[in-house]
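J.: Below are the sequence and a predicted model for it; my questions follow.
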Amino acid sequence: MDFSTVDRALTSLSRRQPALPDEVLNLSKHLLDLLQSENLAENDDYARSITRLVELGSGSSSDAAVRWEPLAVGLRLIVDYLAKRTDELPQSALLSAAADEAGDYNDEDEGTGLGTGGGGVYAEGPRIPKTAAETAAAAIARKEMPPAPSAPVFQLMNELPGILNTNVEHAEPRVRSLVAQAVGAYARYATSLLNWLDSSSSVTDETERNKLQLAAEHAQVGRKNIHATILCSLKSHLEMKEPSRENNPSAASDGALDDTTGWRALETNLHALASYIDGCVGRNGGGAGSYINEEAALFDSVDTDENGWFLAGLQHCCVVHVNRHVRAAAAAVLGVLVKSCMRSRDPSHEDLLVEEDSPFRLVLKETLKGTLADNWSQVRMAGSVLTRRFVRALLKVYKSRNGDDDVDEDLTVFESAAGDLVSILLPRMCLNRFYLAQGVKLYSQETWREVFGSHAHSTDEDGLHSSVESRGGGGLGAVARNAAPLCRYYSKMCDADNHAVREAACQGIAELAQKVGQHPLYADYLSPHVNMLLQALLMCFHDESWPVRDEACLACGTFCIAYAEECRPELPTLFERWTEQLTDQIWSVREDAAVALGDAVTAYGPEMLEKVLVVIRKSLPAAKDQPPMSREEYKKLQNDPSAHTGNQLYSCGSLAPKLRKGGAGRIGCSSCAVDRPKHPWEATDGAIYLLRELCTRFPNRDDTEREDVVLGDNILLPLMSELADVARLSHYPQSDDLRTTLFKQLPQIAVAIGKRRFKGLYLDLFIELLSKNLDDRCGTGASQLSIHAAGQCCEEIAKLIGFGIMRGRLEAIGCDEAFDSVMEERKREQAMLATPGHFIGKEAFSPFGPPVGSH
């Protein structure tokens, strides 16, 4: 079934198998014809046909075998019909006007807007942002048409509560989801109608106005009846027994439960409640139509009294419930409750958010603590949406209640507004900026920029923004002042079950070392916690997930630069771990281990350089010990299933706990562990990366990161000669991979040591090797990756020393034609890149990703 539009939903009925009854198919065709009518608002036939379609798919039909499809499509038509009737009401009735009068708190972009009327309910899936042009076009196309007392919409409104109440626990989940959307559309139209009648003087005829008022009152009765049914169903589901999250096998990822077993319609009940709350857009006067005004008793406590079950149940669903969909749906309910508090424009309702002992705030506190650290990315996403909405509300209330004279310039506005929530929100907001799931990561980065601001001169727009203009030092100052809870949280997350969380924690720790540890004002804030963070990183060195080891390796190197003396006691252990990583089976781990060793040389100078040179001299010739193997034998090995048992596996995309952390024995659906023995050639490969780091950091006395460390020719030339000899070996199939690494790093080395020096001493060492890979006519069997790397290497070196000189060197060994061919191919590639529309340019390719080059 396709519910994206009403016409597609109707067309889908004809494709269902087994075929639907003829009456359903004929009615769907009739409705499709009616959709072409210009004025559906006054078309009685259209409203009656929708009602009949719903009857054919519900128990009210006389047919023996009732199908759910007509009911679902009928509900989709109802959602669309009520949304359009709401848009036809005068502007004074709509939510945007109420939001404007309430201030600048308007976050309608947070939801998908799929049938909820307001678009303010978060739902899973990508959020397509509305552009200014789309909003302006919608405003121009909008046509105000107040309803008449005899309008068909009122007849539909009279029948709809019974339909929704009957199907709120329907067996088909798609029907329940559409019921939730219809609930939101009903509530929005009913309360918008009330707003219009309360504020409008356009209806001058007293009789007509009384009839409209009576119809609006009937709609409010139906609305509250729907709400009572939803609450009753929600309460009964909460009273059902369910396995606790701690004792549930699915929480440990060695078992799984059905996503609906034990709670039936709980998730869709929560969606219906969220849609209802978001649809209640009534004004503050008299409390009519405003959820927080009408249901204030639900927010008084979290005890098990008559009303206390409400907040306690929502907290249970967000934090304790075993089902991830329920947890995400409950977080959406809390989000629209926050919105309702701000929409009411009542200081007492704002106090529910800002008073530290408020039951509602306490529930939000525990919910955010749990959802922002949830094991499932969809729950983290829902928690992130709730966080942004809640923090927006706190900032707005704080700014409205505190003038410019009553502020603490030493703190950010966020710290002043959030109060006791800072120690909970800040660590989780920080870590989620590095989370593996792109939706969570990008959304959290945008939230961070919104809360702390971004600055044009910042070199990292996704970092801890800070500038002299920022109050309290911006995000960087807030992080520094709250280093204690942040470091404790990061350390704890380094031991989390989820490998993606451990990886993000290591990245966060590295950011602390780089941004806070090297800052002249804030470095001392982090200093007392360095040892705790180092111990957490050392634990991650034993992780079976190589991305975690990779990030821990880099973070330790960054810490050595920022806190050299604090890290010195652990330096022997760190050096041992780095050198182990330098021979890892994963090439990126080897490269980042080289980067970390380069950081160590920068931090500790000549003493560390001598140790690193010993490692290079030992590792460079290691490929000579690689056992001989023909390419045919290697290919046969690759196709042998038994040879791949226990090797690297890749994630299926689920972020449940899956990877073991340092022998903890956790079971999961996939692994980034690599169990095969290390190969000697991999040690040589790691040494190439390490040699690159030394050359780029300490090339000469005029351009070095330390004055007492310089890589002179007396050290470098023997190492490069050894590397050239080892790269010529071809008795093992992976030698092609080793040469690919060399060709990728050689241009960086050449640029670092300088044109004259490289051309005079080092170019001839590798020119023959380059020519063999550049021209594979000799039948060396070089891979396309190696050939391309050699061509790119030649081009970059030619740019450095001159194309004529490079061509002359290659001509001397008979490879000038191959060089010319490669350069022509590179020119064609560059021309294709420059062709408009051929590749993705500066414009964003997808609305779900960040715009290219945006800030």
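T.: In hand now; what should we look at? This structure is a prediction, so every number in the text was calculated from the model and none was measured. Residues are numbered from 1 along each chain as shown.
J.: For this structure, which element, helix or strand, carries the lowest mean pLDDT?
T.: Least confident helix or strand of the chain, by mean pLDDT, DSSP states H and E, is helix 95-102 with a mean of 43.
J.: What segments of the stretch 351-500 of the chain are helices?
T.: 359-371, 377-401, 413-418, 422-432, 438-452, 474-481, 483-493, 499-511 (DSSP state H, counting those that start in this stretch).
J.: do the stretch 51-200 of the chain as well
T.: Using DSSP H, counting those that start in this stretch, helices in the stretch 51-200 of the chain cover 69-88, 95-102, 132-141, 152-167, 173-199.
J.: re the thing from before, taking the helices of the stretch 351-500 of the chain together, which one is wrapped up most tightly?
T.: helix 499-511 (a mean of 26; mean count of other CB atoms under 10 Å). In short, each C-beta sits where N, CA and C put it, glycine included.
J.: Any regions of the stretch 651-800 of the chain where pLDDT drops low?
T.: Counting by pLDDT under 70, the stretch 651-800 of the chain contains low-confidence ranges at 651-676, 776-780.
J.: residue ranges of the helices in the stretch 751-855 of the chain, please?
T.: 755-757, 763-774, 784-801, 803-811, 816-834.
J.: Let me know the helix or strand that residue 709 is in.
T.: Assessed by DSSP states H and E, residue 709 sits outside every helix and strand.
J.: surely it meets residue 606?
T.: Yes: proximity of residue 709 to residue 606 meets the contact threshold set by CB atoms under 8 Å, at 6.0 Å.
J.: Who has more neighbours out of the two?
T.: residue 709 (18 against 12; other CB atoms under 10 Å).
J.: Can I get the helices of the stretch 351-500 of the chain in CSV including mean pLDDT and distance to residue 290?
T.: Below are the helices of the stretch 351-500 of the chain laid out as CSV (pLDDT from 0 to 100; distance: least, CB to CB, whole Å):
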stretch, mean pLDDT, distance to residue 290
helix 359-371, 95, 16
helix 377-401, 93, 16
helix 413-418, 92, 24
helix 422-432, 96, 27
helix 438-452, 93, 27
helix 474-481, 93, 34
helix 483-493, 96, 36
helix 499-511, 95, 39
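J.: CSV for those, including distance to residue 221?
T.: Formatted as CSV, the helices of the stretch 351-500 of the chain follow (distance: least, CB to CB, whole Å):
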stretch, distance to residue 221
helix 359-371, 27
helix 377-401, 30
helix 413-418, 40
helix 422-432, 41
helix 438-452, 40
helix 474-481, 49
helix 483-493, 49
helix 499-511, 49
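J.: about what we covered before: quick one, which of the helices of the stretch 751-855 of the chain is nearest to residue 31?
T.: Among those, the nearest to residue 31 by CB to CB is helix 816-834 (49.9 Å).
J.: Show me which positions of that closest one end up buried.
T.: Neighbour counts over helix 816-834 (16 or more other CB atoms under 10 Å) mark 816, 818-819, 822-823 as buried.
J.: Let me know the closest of those residues to residue 238.
T.: residue 822 (68.8 Å).
J.: Name the nearest residue to that closest one, sequence neighbours excluded.
T.: Spatial nearest neighbour of residue 822, excluding adjacent residues (CB to CB, 6 or more residues apart in numbering): residue 791 at 4.1 Å.
J.: cool, residue 530 as well?
T.: Here the residue nearest residue 530, using CB to CB, 6+ apart, is residue 566, at 4.4 Å.
J.: quick one: the one you found and residue 529 touch, right?
T.: No: counting by CB under 8 Å, residue 566 sits too far from residue 529 to count as a contact (9.8 Å).
J.: now for whichever helix in the chain runs longest, which elements pack on it?
T.: Longest helix of the chain, by residue count under DSSP state H: helix 206-238. Helix 206-238 is packed against helix 152-167, helix 173-199, helix 266-279, helix 309-315, with contacts defined by 3 or more CB pairs under 8 Å, 6 or more residues apart in numbering; DSSP states H and E.
J.: make it 10 Å
T.: helix 152-167, helix 173-199, helix 266-279, helix 291-294, helix 309-315 (3 or more CB pairs under 10 Å, 6 or more residues apart in numbering; DSSP states H and E).
J.: what helices or strands is the longest one leaning on?
T.: When you say that, I think you mean helix 173-199. Going by 3+ CB pairs under 10 Å, 6+ apart, helix 173-199 lies up against helix 69-88, helix 95-102, helix 152-167, helix 206-238, helix 266-279, helix 291-294.
J.: now the angle from the first one to helix 266-279?
T.: Relative orientation of helix 69-88 versus helix 266-279 (axes from the mean of the first three to the mean of the last three CA atoms, to 10 degrees): 20 degrees.
J.: can you state the direction angle for helix 69-88 and helix 173-199?
T.: 20 degrees.
J.: which one is residue 427 nearest to, not counting chain neighbours?
T.: residue 489 (3.6 Å).
J.: so that neighbour sits right up against residue 430, yeah?
T.: Yes: counting by CB atoms under 10 Å, residue 489 does reach residue 430; the two are 8.4 Å apart.
J.: Show me how far stretch 509-527 is from its chain's centre.
T.: 26 Å (CA atoms, centre = their mean, to the nearest Å).
J.: Now do the buried residues in that stretch.
T.: Buried-residue list, stretch 509-527, by 16+ other CB under 10 Å: 509-517, 519, 522, 525-526.
J.: Share the number of residues neighbouring the residue nearest to residue 822, please.
T.: Neighbour count for residue 791, taken as other CB under 10 Å: 21.
J.: so how far is residue 743 from it?
T.: Note on residue 791: its distance to residue 743, by CB to CB, to the nearest Å, is 9 Å.
J.: Need the residues touching each of these two.
T.: 770, 773-774 (CB atoms under 10 Å, 6 or more residues apart in numbering).
J.: Tell me, how many residues neighbour residue 403?
T.: Neighbours of residue 403 under the rule other CB under 10 Å: 8.
J.: Kindly report the same for residue 529.
T.: Residue 529 has 19 neighbours, counted by other CB under 10 Å.
J.: and the residue nearest to it when sequence neighbours are not counted, what does it touch?
T.: Computed as CB to CB, 6+ apart, the closest residue to residue 529 that is not its neighbour in sequence is residue 487, at 4.0 Å. Taking CB under 10 Å, 6+ apart, we find residue 487 in contact with 427, 508-509, 512, 525-526, 528-530, 532-533, 536.
J.: Give me the below-cutoff pLDDT ranges for the stretch 251-400 of the chain.
T.: Using pLDDT under 70, the stretch 251-400 of the chain drops low at 251-263, 283-289, 302-305.
J.: hmm, try it at 90
T.: 251-268, 280-308, 322-325, 342-348, 399-400 (pLDDT under 90).
J.: Does residue 30 touch residue 45 like I think?
T.: Yes: with contact defined as CB under 10 Å, residue 30 and residue 45 form a contacting pair (8.3 Å).
J.: Neighbour count for those two, which is higher?
T.: Between residue 30 and residue 45, residue 30 has the larger neighbour count (other CB under 10 Å), namely 16 against 13.
J.: Now do the SS call for the more buried one.
T.: Each residue gets one of three states, and residue 30 gets helix by DSSP: H, G, I helix; E, B strand; the rest coil.
J.: May I ask which helix or strand encompasses the nearest residue to it once chain neighbours are set aside?
T.: Leaving aside its chain neighbours, residue 30 sits nearest to residue 49 (6.1 Å; criterion: CB to CB, 6+ apart). Element membership for residue 49 (DSSP H and E) is helix 44-56.
J.: buried set for that helix?
T.: Under 16+ other CB under 10 Å, the buried positions of helix 44-56 are 46-47, 49-56.
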